[in-house]
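Peer 1: Curious how this folds, go ahead:
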Amino acid sequence: QVQLVESGGGLVQAGGSLSLSCAASGREISDYAMGWFRQTPGNEREFVASISWSGTYIYYGDSAMGRFTISRDNSKNTVFLQLKALKPDDTAVYYCAAAATTLGATMGPYDYWGQGTQVTVSS
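Peer 2: Okay, the predicted model is just below:
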């Protein structure tokens, strides 16, 4: 089993940047495809980005394309999400997730989830 802990969220003005981290423990994240999702109150969790086991394949949701960058450092057991050109609509709780068998853009393949980190973008 793997435990995931997100960090790096906070309050930022529109147009600003944030760097999110997801630190894993219990297992090597090289065993997992990793993803980031986000959620606002009353809404379903939305796919943001995913990255394959070695980082070869990367996918972004429409909201993230061109502004967010996912990366991973398996030697540090950590996944990152760089957020740039932030908008108030990016305000959400951002979750990190790990998938053992499938690199996906939906919640289904992901076996483990972190507790989330709040990102708030002011206008």
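Peer 1: And T102, how close does it get to I51?
Peer 2: Distance of T102 to I51, computed by C-beta to C-beta, to the nearest Å: 13 Å. For every residue, glycine as well, the C-beta is placed using N, CA and C.
Peer 1: which residues sit in contact with the residue nearest in space to the middle of the chain?
Peer 2: Nearest to the mean C-alpha position of the chain, counting by C-alpha atoms, centre = their mean, stands W36 at 2.4 Å. By C-beta atoms under 8 Å, 6 or more residues apart in numbering, W36 lies in contact with L20, C22, V48, A49, S50, I70, V79, L81, Y94, Y95, C96, A97.
Peer 1: how about a cut-off of 10 Å?
Peer 2: Counting by C-beta atoms under 10 Å, 6 or more residues apart in numbering, W36 makes contact with 6, 20, 22, 46-51, 60-61, 64, 68, 70, 79-81, 83, 94-97, 114.
Peer 1: K84 now?
Peer 2: G15, G16, S17, L18, S19, G66, R67, F68, T69.
Peer 1: Okay, and which of the contacts of W36 map to strands?
Peer 2: 6, 20, 22, 46-51, 60, 68, 70, 79-81, 83, 94-97 (DSSP state E).
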